[in-house]
Structures are given as C-alpha cells and as structure tokens.
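K.L.:
Need coordinates for the following:
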Amino acid sequence: MNYFNRPKVKDGLDAENKKTAPKENLFLNVACNLIVPSFTFMKLSGENYLGIKLAIITALLFPLIYGIRDFIVRKNLNFFSALGVISVLLTGGISLMELNASYIAIKEASIPSLLAIATLISLKSSKPVIRIFVEFVFEIELISEALEANGRGTEFETLLVNGSWILAGGFLISAVLNYVLATMILTAQPGTVEFNEQLGTMWALSFPVIALPVTLILVANLYYLLISIKRITGIPLEDLMKNKITN
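P.N.:
Okay, the predicted model is just below:
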C-alpha cells in the first residue's frame, strides 16, 4: 500500500483554502460541550428549575447544536464529529427512557472502541486515518520527494502502521476510562435528580480523567512521527511542519 504518493496541489490553492477555512472558537467549544451541559445537569435538574427530563434535553441540546453548526460552517462532514453527535443522542435517549446506567457505561466505552477499530480498518483503505493526520500536520509533498529520492518508502509505511496502532491504543484507553468513570459515578436510580447530577459530574470529569491522558498519548504519537520522519527523510524539523510559514 502506498501512503505517500498523491497528486500535488497548487500552492496558491492551498493558501486560499487555509485563508477561507474558519477558525474554531475554543471557548465556545468548551462552553457548549463541557461547561453548559455539566452545569445544567448538576444545578438545573430540580423541580424548581427545569426538571429532570427538560434538564436532560437542554443540557444535550448545546453539544448537539454546536456539532450541527460546526458542520454547516465548515461544510464538511467529519467522521469523529458525527460520532460525537451520535454519542450525545444516545446519552439523551438512554437518560430520557430511564434505562439502567450500565447502558450509558457501555455507550461511553463503545464510541472510542469504534474509533480504534475504524483507525485500524482504515489501514486497508486508500485513505488511512493516520495518513489524513500526517497530511494535516506535515508537508507531505516534501516528504514524498525525499522518500522517492532515498528509497525508504517501505520504512515510512511501517512508521504509519505503528502510528496507527498507537492512535488506536489511545482510543482503547479512552474506552476503558470512559467505562470505569461511568460505572463509578452513575450509581443513582435513572429518572431522579441525583442521577442527573451524577451525569453532570461524569460529564465534567470526562476532560481531566479521559481527555488529558488520551491527549498526552496523541502528542507522544505526534512526536514519534515527527522524529521518525525527520530520521527517514533527513529533512530538518522546521521544514517538516506544514504551518511553518504563516505570514
């Protein structure tokens, strides 16, 4: 499988696409996907406020609307974002139907597990997930030329396979942490204020308990790819990064 040969795109077109691509608002992202849902679950589930079911609907509307808005603004259906929207809908459905909390734990573990499986399956496709990642971060044309010149293409393919396994491993760790977090926190009876509050606590803890460790793994994977590509191609690190020149 050839990971690095692809048609070259004109620099002017690349620059134009970078200029027109909307930048994501980090504060809005965190507010809609973390802060507002957690606050709504924990503080507004009582009968004096929104009530149990309306609090669930309100809390999950924010990440749902944000995901739809992101799709409309970027005009691109992202597989990971789509899974995020599905995850929100499943959480809402399970909570509103007052199903056993174990279903939420299974759902929390199943999403990153599917991502891990998809990452490995994509290695058999013409566009593996890790290649999309490499093309987004690195100057792929420069890397391709160097690999063709020094005949180390097979070594580069092996590197991408290793990177894919590391990426999949990060998702699997996320699945385990998701399941453990959900089973430890969601102990109340579904359909109660206490259960909503626990759901909000789980939502709030998902970042420090799950996102941070997984992010560290992804950063380590990026470093591994960066150092290995530099070794294979002989290209200086500052020339490998795609956004090294941003005037």
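K.L.:
what number of residues lie near the closest residue to I217 other than its chain neighbours?
P.N.:
Excluding the flanking residues, the one nearest I217 by C-beta to C-beta, 6 or more residues apart in numbering is G170, at 3.9 Å. For every residue, glycine as well, the C-beta is placed using N, CA and C. G170 has 22 neighbouring residues, counting by other C-beta atoms under 10 Å.
K.L.:
L120 now?
P.N.:
Neighbours around L120, by other C-beta under 10 Å: 17.
K.L.:
And L199, by the same measure?
P.N.:
By the criterion of other C-beta under 10 Å, L199 has 29 neighbours.
K.L.:
By mean pLDDT, point me to the weakest helix or strand of this protein.
P.N.:
When the helices and strands of the chain are scored by mean pLDDT, DSSP states H and E, helix 11-20 comes last with a mean of 47.
K.L.:
rewinding a little: so how far is T58 from the residue nearest to I217?
P.N.:
Separation of G170 from T58 (C-beta to C-beta, to the nearest Å): 32 Å.
K.L.:
Same question for P128.
P.N.:
Distance from P128 to T58, by C-beta to C-beta: 39 Å.
K.L.:
More neighbours: which of these two?
P.N.:
Using other C-beta under 10 Å as the criterion, P128 and T58 rank with P128 on top: 22 against 18.
K.L.:
Tell me where this protein is predicted with low confidence.
P.N.:
1-24, 75-81, 242-247 (pLDDT under 70).
K.L.:
and the residue of it most remote from its centre, what is it in contact with?
P.N.:
The outermost residue of the chain relative to its centre, with distances by C-alpha atoms, centre = their mean, is N48 at 36.2 Å. With contact set as C-beta atoms under 8 Å, 6 or more residues apart in numbering, N48 has no partners.
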